[in-house]
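Student: can't give you the sequence, but here's the structure:
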């Protein structure tokens with residue numbers, strides 16, 4: 001049995017590539033997307049380009065209906081990925097149609113096979129369209145409850161309504177590098193080189209195995225030539241204190257080239273001063289350091305199930321009940337081959353391109369240019 005790490009969509013592939021550069025090798029890694037440039041340029045050991053005959057390697061242009069058709073064509077290949085798999089980690093961005101669709105389909109298949117499944121999902125930026133925000137929420141709700149879902153808000157480069165493109169790209173790369181370190185921790189636990197520190201708390205098979213979702217996950221890190229709790233200067237920062245006050249779960253990972261007795265217990269005692277009493281704390285340690293630099297990583301988040309449910313005002317029984325909103329009727333057009341394509345206002349499957357142009361302008365200009373059918377990508 002083996003562990004598999006899947007980068008679903010362009011954002012997930014970027015994080016997996018960062019992990020491969022950080023780790024000992026790409027063992028168990030897979031890049032999966034509908035864009036040929038994202039898949040072929042990945043460092044992953046295995047690559048899966050979705051339905052090249054359907055989208056010519058150009059992706060789904062933000063269309064979830066087309067993304068599901070692409071995933072449906074690769075149903076057998078996706079099921080083959082889970083053969084002899086005991087642990088599965090999926091990294092994705094919920095704003096992307098292809099990545100979110102692959103994540104939902106693959107997680108459902110894994111849960112049916114009783115495979116331990118963890119999802120690292122990045123939420124959309126606040127300035128993205130309402131349609132993408134709603135689609136991300138729908139994907140989150142559709143993921144099986146048996147899967148462990150860690151939800152990460154996107155990085156916030158500034159308070160400006162329209163952030164600078166360069167700043168967004170820089171902060172996104174920094175965030176992807178930070179998240180890649182936790183992919184490395186997950187991989188280390190799967191391979192047995194990272195283990196819980198039994199300093200007195202209850203130990204789990206894996207601290208990444210949770211029931212449901214942990215949201216608003218925040219990442220903090222410190223590094224230095226030796227293991228020293230003075231590395232944790234961020235403990236005094238307001239950002240960490242605010243995140244810790246609301247946290248239900250905290251994961252701490254230590255990697256040190258020198259053996260320091262009692263370091264894990266000292267770290268746990270210090271963190272407990274900032275965390276609520278209900279918070280569950282796990283301290284992990286890598287048994288074999290890979291460099292002369294010591295690292296301390298923290299991940300804090302909130303248990304989504306603890307949030308109070310919305311209370312709606314009582315309705316007067318004498319008043320007529322409001323009519324439920326009806327979903328708009330969707331037309332379908334038949335392709336020459338007989339396949340059905342969801343029709344939009346202009347009757348083409350790529351009509352949603354205009355709604356996703358902001359992605360190319362704000363976040364990923366090279367990917368936007370790739371969609372202009374560069375030579376070699378489109379099928380004749």
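Tutor: Cool, got the structure. Computed from a predicted structure; not experimentally measured.
Student: so what's residue 107 closest to, chain neighbours aside?
Tutor: Nearest residue to residue 107 in three dimensions, chain neighbours excluded: residue 147, at 4.9 Å (C-beta to C-beta, 6 or more residues apart in numbering). (Each C-beta comes from the backbone N, C-alpha and C, glycine too.)
Student: I meant to write residue 35 there.
Tutor: Counting by C-beta to C-beta, 6+ apart, residue 35 lies nearest to residue 59, which is 4.2 Å off, once chain neighbours are set aside.
Student: What is the neighbour count of the one you found?
Tutor: Applying other C-beta atoms under 10 Å, we find 28 residues neighbouring residue 59.
Student: just checking, it touches residue 37?
Tutor: No. Taking contacts as C-beta atoms under 8 Å, residue 59 lies outside contact range of residue 37: 9.2 Å.
Student: which SS class is residue 47?
Tutor: Following DSSP: H, G, I helix; E, B strand; the rest coil, residue 47 is assigned to strand.
Student: Check which element follows the top strand by length along the chain along the chain.
Tutor: The longest strand of the chain (DSSP state E) is strand 213-224. Per DSSP states H and E, strand 213-224 leads on to helix 238-245 as the next helix or strand towards the C-terminus.
Student: Residue 3: what's it in contact with?
Tutor: Counting by C-beta atoms under 8 Å, 6 or more residues apart in numbering, residue 3 makes contact with 28, 85-89, 187, 190-191.
Student: Under the pLDDT cut-off, which ranges of the stretch 201-350 of the chain? List them.
Tutor: Across the stretch 201-350 of the chain, the ranges flagged by pLDDT under 70 are 201-205, 211, 224-234, 257-262, 288-292, 306-350.
Student: Okay, and residue 79 sits in which element?
Tutor: helix 75-81.
Student: residue closest to the middle of the protein?
Tutor: The centre of the chain sits closest to residue 121, judged by C-alpha atoms, centre = their mean, with a distance of 2.3 Å.
Student: Residue 68: neighbour count?
Tutor: Per other C-beta under 10 Å, the neighbour tally for residue 68 reads 17.
Student: where's the closest residue in space to residue 38 that isn't next to it in sequence relative to residue 102, distance?
Tutor: Spatially, and ignoring its direct neighbours in sequence, residue 38 is nearest to residue 10 (4.7 Å; C-beta to C-beta, 6+ apart). Separation of residue 10 from residue 102 (C-beta to C-beta, to the nearest Å): 12 Å.
Student: What of residue 254?
Tutor: The gap separating residue 254 from residue 102 is 33 Å, by C-beta to C-beta.
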